[in-house]
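*Asks:* Model the structure of this input:
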Amino acid sequence: MSPKRPKVGVTRRLPATVESALREKYEVVQAAEDHALTLDELASLLRSCEVVVPTVTDRIDARLLSAKDVKAKLLANFGVGTNHIDLDAAKSAGIAVTNTPDVLTEDTADLAITLMLAVMRRVGEGERLVRSGKWDGWTPTQMLGRRLSGKALGVVGLGRIGRAVATRAENGFGMKVLAWSRSKRRGSEAGTRIERVNRIDELMERSDVVSVHCPLVPTTRHLIGAPQFAKMRRTGVLINTARGPVVDEAALVAALEAGKLAGAGLDVYEEEPTVHPGLLSREDVVLLPHLGSATVETREAMGMRALANIDAHIAGRDLPDRVS
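*Replies:* Alright, predicted model coming up:
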């Protein structure tokens, strides 16, 4: 009789290679249909599985984690951000939390640059024009945008992704890069031409493009709102590939309507998958469905990183990506 394999609850469908690797070692429990699980479905996984693999669409709060019949001892999060998990409640319940750092840096940085170009060169607007059948041919003044090369980029949050975006901007587009983060250092960043600034308002004032790359924590919720938009250049562009609630969407809509900035490119939203209706109708806004890490290479790497944490937990080893 073969030994009983640990149960691993998976909340969403993962790349086939990842699911196959999980099933080789563990008894995988997941819904037949790919959908965001209800609270009852999440509670069921927490009660029945040693490990649960949640994603950003799963809200795992204190009520779920504090239930007396919770069996789970590890939440092996599929993703870097863990703001959808109550980390304090997990710690109190004796449940470890891991994430998947490093592997999505390059793809998310690529997408941030993509959004900059799409907004500055009116790519979404142009594609909609062609698809509508209303384009009647080239003219010298048709859909004039602005070049990205040589502009000033303000990076909010200088972690792995922020640095990767800065490198692309400097080396690929000759941009002057300013950076603000919660750490208080100022001056040139070692090995780069990045200039650190002390105040986020200074960053907003001096940048042609502002790109958000900070984590969502209590102090960064609505970090960029009406006061910051008031400081932006009227030709300025905002890019957010971090977490939706870092930007006050209502304030962004109001600022766009008032002409306080020229456009925005968003991959994340305050109330995903709901998007503020004031954004949906604007031609100067590019909207993507949370594609930051959406490449085959990265999603497979994320899954294998989660699997490595599961293996370590089951074997009683230190977790390589424990979230404190």
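
*Asks:* the strands in the chain, which residues?
*Replies:* Using DSSP state E, the strands of the chain run over residues 7-10, 27-29, 51-53, 74-76, 96-98, 152-156, 176-180, 187-188, 195-196, 209-212, 237-240, 263-266, 285-287.

*Asks:* Give me the distance between the two termini of stretch 57-75.
*Replies:* Using Cα to Cα, to the nearest Å, the end-to-end distance of stretch 57-75 comes out at 14 Å.

*Asks:* What of stretch 271-287?
*Replies:* By Cα to Cα, the extent of stretch 271-287 from end to end equals 14 Å.

*Asks:* got the buried residues for it?
*Replies:* For stretch 271-287, the neighbour count (16 or more other Cβ atoms under 10 Å) marks 275, 276, 279, 284, 285, 286 as buried. Yep, even glycine has a C-beta here, placed from its N, CA and C like the rest.

*Asks:* if we can go back for a sec, now tabulate the strands of the chain in JSON lines and tack on distance to residue 132 and mean pLDDT.
*Replies:* Compiled in JSON lines, these are given as follows (distance: least, Cβ to Cβ, whole Å; pLDDT from 0 to 100):
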{"stretch": "strand 7-10", "distance to residue 132": "41", "mean pLDDT": "98"}
{"stretch": "strand 27-29", "distance to residue 132": "45", "mean pLDDT": "98"}
{"stretch": "strand 51-53", "distance to residue 132": "42", "mean pLDDT": "98"}
{"stretch": "strand 74-76", "distance to residue 132": "45", "mean pLDDT": "98"}
{"stretch": "strand 96-98", "distance to residue 132": "46", "mean pLDDT": "98"}
{"stretch": "strand 152-156", "distance to residue 132": "32", "mean pLDDT": "98"}
{"stretch": "strand 176-180", "distance to residue 132": "37", "mean pLDDT": "97"}
{"stretch": "strand 187-188", "distance to residue 132": "47", "mean pLDDT": "49"}
{"stretch": "strand 195-196", "distance to residue 132": "43", "mean pLDDT": "96"}
{"stretch": "strand 209-212", "distance to residue 132": "28", "mean pLDDT": "98"}
{"stretch": "strand 237-240", "distance to residue 132": "24", "mean pLDDT": "98"}
{"stretch": "strand 263-266", "distance to residue 132": "20", "mean pLDDT": "98"}
{"stretch": "strand 285-287", "distance to residue 132": "17", "mean pLDDT": "98"}
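
*Asks:* Could I get the ones you listed in a markdown table, plus columns for distance to residue 140?
*Replies:* Rendered in a markdown table, the data for the strands of the chain read as follows (distance: least, Cβ to Cβ, whole Å):
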| stretch | distance to residue 140 |
| --- | --- |
| strand 7-10 | 55 |
| strand 27-29 | 59 |
| strand 51-53 | 54 |
| strand 74-76 | 56 |
| strand 96-98 | 56 |
| strand 152-156 | 28 |
| strand 176-180 | 30 |
| strand 187-188 | 42 |
| strand 195-196 | 37 |
| strand 209-212 | 26 |
| strand 237-240 | 24 |
| strand 263-266 | 22 |
| strand 285-287 | 25 |
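
*Asks:* Go through the buried residues of stretch 271-287 and name the one nearest residue 312.
*Replies:* Nearest to residue 312 among the buried residues of stretch 271-287: residue 275, at 38.0 Å, using Cβ to Cβ.

*Asks:* what about the helices in the stretch 151-300 of the chain?
*Replies:* 160-173, 200-206, 226-229, 249-257, 277-280, 296-315 (DSSP state H, counting those that start in this stretch).

*Asks:* Tabulate those helices (JSON lines), appending distance to residue 79 and mean pLDDT.
*Replies:* Below are the helices of the stretch 151-300 of the chain laid out as JSON lines (distance: least, Cβ to Cβ, whole Å; pLDDT from 0 to 100):
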{"stretch": "helix 160-173", "distance to residue 79": "13", "mean pLDDT": "97"}
{"stretch": "helix 200-206", "distance to residue 79": "26", "mean pLDDT": "98"}
{"stretch": "helix 226-229", "distance to residue 79": "26", "mean pLDDT": "98"}
{"stretch": "helix 249-257", "distance to residue 79": "21", "mean pLDDT": "98"}
{"stretch": "helix 277-280", "distance to residue 79": "24", "mean pLDDT": "98"}
{"stretch": "helix 296-315", "distance to residue 79": "7", "mean pLDDT": "98"}
